[in-house]
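Asker: Let me see the structure of the following:
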Amino acid sequence: MAKQKAPFGADVFSYLTDFQPSMAGFETVVAAQQRNLEALTRANQIFVEGARAVAKRQGEIMKAAMDESADAARSIADARPEEKVTAQAAFTKQAYEKAVAGTRELAEIGFKANTEAFEAINARIVEAFDEVRSVANGAR
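Answerer: Numbering: from 1, shown residues only. Sure thing, here's the model as predicted:
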């Protein structure tokens with residue numbers, strides 16, 4: 001009985017058993033994956049540092065707002081009724097303006113951290129494409 005050929009003339013089992021990857025190729029893949037992991041680790045560090053900066057600044061803003069509220073309450077407590085309304089309106093306006101500025105500042109801190117983390121990942125992706133291109137050019 002004659003040996004049957006695999007579909008499309010390819011003997012996949014033979015190909016897989018005869019395949020011997022080179023150590024250089026394996027080391028290249030391992031090194032690339034290590035650089036990928038390093039880039040992800042760096043991006044994560046940037047993100048964590050940014051989150052810490054946001055949390056720290058948020059705490060500072062909250063403490064300042066609480067101190068200012070306490071000072072305003074003390075100053076308003078001894079005022080005449082007509083002065084209280086004016087003082088409360090001024091305090092409310094000032095508190096609102098500071099809240100908006102604080103929110104903007106926190107958003108900028110977060111945006112900066114996200115941008116830096118993205119840039120770390122993006123740089124690695126560009127580097128990986130260059131590595132693939134050089135490997136492909138070297139294989140010719």
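
Asker: pLDDT at A123, what is it?
Answerer: With respect to pLDDT, A123 has a value of 94.

Asker: can you tell me how far it sits from V48?
Answerer: A123 sits 19 Å away from V48, going by C-beta to C-beta, to the nearest Å. Yep, even glycine has a C-beta here, placed from its N, CA and C like the rest.

Asker: swap in A101?
Answerer: 25 Å.

Asker: which helices and strands does the top helix by length along the chain pack with?
Answerer: For the chain, the helix that runs over the most residues, judged by DSSP state H, is helix 81-139. Contacts defined by 3 or more C-beta pairs under 8 Å, 6 or more residues apart in numbering; DSSP states H and E place helix 81-139 against helix 23-77.

Asker: relative orientation of the helix it packs on and helix 81-139 in degrees?
Answerer: For helix 23-77 against helix 81-139, the angle by axes from the mean of the first three to the mean of the last three C-alpha atoms, to 10 degrees is 170 degrees.

Asker: Show me what helix 23-77 is packed up against.
Answerer: Using 3+ C-beta pairs under 8 Å, 6+ apart, helix 23-77 sits against helix 81-139.

Asker: Any idea how far the helix it packs on is from the middle of the chain?
Answerer: Here the centre of helix 81-139 is set off from its chain's centre by 10 Å, with C-alpha atoms, centre = their mean, to the nearest Å.
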